[in-house]
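Student: fold the stuff below for me.
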Amino acid sequence: MRITADGASPRVLVGTLVAQNADSLHVAVPGLAAPLAVARHSVRQLEVSRGWRRATGDGAALGVEAGALAGAVVAVRTAPSFGRNWPVTLMNGWDRMWVGSAIGGAIGAAVGALIGSRVKTERWQPWSSGPRLVALTPGSTGVSVSIPF
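Tutor: All right, here's what the predicted structure looks like:
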């Protein structure tokens, strides 16, 4: 659980909710011996971890873009220097650009996916306790209203 609170030190706490009462949440934070108490009125946001994800797809997408661009530039700029017997020199400029883009994009996607697979990020989702129910209770002096947190 991740808690953003006013006045907490640090302002964002990441830990496990171990207890709660009417006025505070008690959070076990890794590296601390005792749980921290956070006043409910100071809590601005509660989030729940939804696990870790790797950035393999994002890395591949960035890699294919960069690789295709680099491949097109390299193919167009270097083809005349290979000599007449090199098959790429027999293509016109547009064909060289497309072939270079395809080769560069494939290499870029592979490298990007490899790098992205090494990057892990935690996914957080705002916590919701469901619909807020208002309780009206008749009392001797009128009606009392209670709204759960």
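Student: measure Val14 to Trp127 for me?
Tutor: According to Cβ to Cβ, to the nearest Å, Val14 and Trp127 sit 13 Å apart. Quick note: C-beta positions are derived from backbone N, CA and C, even for glycine.
Student: okay, and the common contacts of these two?
Tutor: Counting by Cβ atoms under 8 Å, 6 or more residues apart in numbering, the residues touching both Val14 and Trp127 are Met1.
Student: so where do the strands sit in this protein?
Tutor: Counting by DSSP state E, one finds strands in the chain at the ranges 2-5, 12-14, 16-20, 24-28, 36-39, 43-54, 120-126, 135-139, 142-146.
Student: switch those strands over to JSON lines; also include distance to Gly67, mean pLDDT and mean neighbour count.
Tutor: JSON lines is the format used below for the strands of the chain (distance: least, Cβ to Cβ, whole Å; pLDDT from 0 to 100; neighbours: other Cβ atoms under 10 Å):
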{"stretch": "strand 2-5", "distance to Gly67": "36", "mean pLDDT": "86", "mean neighbour count": "19"}
{"stretch": "strand 12-14", "distance to Gly67": "36", "mean pLDDT": "85", "mean neighbour count": "15"}
{"stretch": "strand 16-20", "distance to Gly67": "42", "mean pLDDT": "84", "mean neighbour count": "13"}
{"stretch": "strand 24-28", "distance to Gly67": "45", "mean pLDDT": "86", "mean neighbour count": "19"}
{"stretch": "strand 36-39", "distance to Gly67": "47", "mean pLDDT": "86", "mean neighbour count": "17"}
{"stretch": "strand 43-54", "distance to Gly67": "20", "mean pLDDT": "87", "mean neighbour count": "13"}
{"stretch": "strand 120-126", "distance to Gly67": "23", "mean pLDDT": "88", "mean neighbour count": "11"}
{"stretch": "strand 135-139", "distance to Gly67": "61", "mean pLDDT": "61", "mean neighbour count": "8"}
{"stretch": "strand 142-146", "distance to Gly67": "60", "mean pLDDT": "63", "mean neighbour count": "9"}
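Student: using CSV, lay out the ones you listed together with distance to Arg77.
Tutor: Converted to CSV, those look like this (distance: least, Cβ to Cβ, whole Å):
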stretch, distance to Arg77
strand 2-5, 49
strand 12-14, 49
strand 16-20, 57
strand 24-28, 58
strand 36-39, 60
strand 43-54, 35
strand 120-126, 37
strand 135-139, 74
strand 142-146, 73
